[in-house]
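> This is a predicted model, with the sequence first.
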Amino acid sequence: LAGCGGGSEAEAPADDAAKTTFTVGFDAEYPPYGYRTEDGDYAGFDLDLAAEVCARQGWELVKQPIDWNAKDMELNSGAIDCIWNGFTMNGREDSYLFSEPYVDNSIVYVVRADDAIQTEADLAGKYVITQAGSSALAALQDKADVVATFAALDEIADYNTAFMNLEAGTNDAIAVDIGVAQFQLATKADKFRMLEEPLSTEQYAIGFKLGNQELRDAVQTSLNEMVEDGTFAEIAANYADYNLDKMVCLGK
């Protein structure tokens, strides 16, 4: 896969006086990128980045939780302006207009802490689960020979439920983005652990509707400015518990 290199800085687009809101579509059960807090608010690394972009552009941020399987319909209908929530760009370059990649991500397996499973080969005959429509599912689909050894590959609507299934013993392993895994391990290291070898590696970017170049460039310009003045790194540092400060790659 291509590395997460920074491209040239986008030129600032012409002013769009009609643009007053910026609606971000995100999965509300995908921490630490986007999630619902105990207070009922929406938070996360990607939403923090979006809020800073809006502050610089003079837009009002609209946080719009979506069904991840319906993300294309939401984007193409205009219900959201972009998909910004740990969204893998690799293999999707012809379907969306992407920002520059900003996070290097890996897909990993998570198992119960006391399980004997140590490698992907040990998953033969085991019940593996992942989120429907996720990049982890796509990575597994590229490894059909490995999946064929599983007792089953289950798909579920959200990772929170997948981790509950794993803890309960309904499933033996989860295929999941490393940031989501680290979020869970930060508070449940006694219950779960990651296998050392990643399933695959990829990059995250912001997905816009094809042809929406002006909006894409406006967002990219603000992100590049945030990298230059250190704001991007400051936001990432707030998520150091999940190693996001080490995973960001925009401008590197």
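Done, it's in.

> Strands of the stretch 101-250 of the chain, residue ranges please.
Secondary structure of the stretch 101-250 of the chain (DSSP state E, counting those that start in this stretch): strands located at 103-112, 127-131, 152-156, 173-177, 192-194, 200-204, 207-208.

> what residue ranges in the chain are flagged as low confidence?
1-18 (pLDDT under 70).

> Which residue would you name as the spatial centre of this structure?
Most central in the chain under CA atoms, centre = their mean is Gly86, positioned 1.4 Å from the mean C-alpha point.

> Nearest residue to Asp81 in space, please, no chain neighbours.
Once flanking residues are discounted, Asp81 sits nearest to Thr23: 4.8 Å by CB to CB, 6 or more residues apart in numbering. Any C-beta I mention is one placed from the backbone N, CA and C, and that applies to glycine too.

> same thing with Pro65?
Ala28 (3.7 Å).

> and the helix or strand hosting the residue nearest to Asp81, C-alpha only, in PDB?
Assigned by DSSP states H and E, Thr23 falls within strand 21-26. Provided in PDB are the C-alpha atoms of strand 21-26 (Å, rounded to 0.1, in the frame of the first residue of the first chain):
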ATOM      1  CA  THR A  21     -22.800  24.700   7.800                       C
ATOM      2  CA  PHE A  22     -20.600  21.700   7.400                       C
ATOM      3  CA  THR A  23     -22.300  18.400   8.100                       C
ATOM      4  CA  VAL A  24     -20.000  15.600   9.000                       C
ATOM      5  CA  GLY A  25     -21.300  12.000   8.700                       C
ATOM      6  CA  PHE A  26     -19.800   9.700  11.300                       C
END
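
> helices and strands around the helix or strand following that strand, which ones?
On the C-terminal side of strand 21-26, the closest following helix or strand by DSSP H and E is strand 29-30. If you count contacts as 3 or more CB pairs under 8 Å, 6 or more residues apart in numbering; DSSP states H and E, strand 29-30 packs onto helix 159-168.

> Measure how the helix it packs on sits relative to strand 127-131, angle-wise.
Relative orientation of helix 159-168 versus strand 127-131 (axes from the mean of the first three to the mean of the last three CA atoms, to 10 degrees): 160 degrees.

> Just give me how far helix 159-168 sits from the chain centre.
18 Å (CA atoms, centre = their mean, to the nearest Å).

> What of stretch 80-90?
Worked out by CA atoms, centre = their mean, stretch 80-90 lies 8 Å from the chain centre.

> Report the buried residues of stretch 106-122.
Neighbour counts over stretch 106-122 (16 or more other CB atoms under 10 Å) mark Ser106, Ile107, Val108, Tyr109, Val110, Val111, Arg112, Ile117, Glu120, Asp122 as buried.

> Pick the one among these closest to Ala162.
Nearest to Ala162, judged by CB to CB, of the buried residues of stretch 106-122 is Val110 at 8.9 Å.

> what pairs with that closest one across the strands?
Legend: beta-bridge partners of Val110 under DSSP bridges are Ile174, Met194.

> returning to what we had before: which residues make contact with the strand holding Thr23 from outside it?
Identification of contacts with strand 21-26 by CB atoms under 8 Å, 6 or more residues apart in numbering yields 33-34, 42, 44, 46-47, 50, 53-54, 57, 59-66, 71, 74-75, 79-85, 219.

> Now intersect those with the helices, please.
Asp46, Leu47, Ala50, Val53, Cys54, Gln57, Lys71, Glu74, Leu75, Val219 (DSSP state H).

> Out of those residues, give me the one that has the most neighbours.
Neighbour tally across the ones in helices among the contacts of strand 21-26 (other CB atoms under 10 Å): the maximum, 28 neighbours, falls on Ala50.
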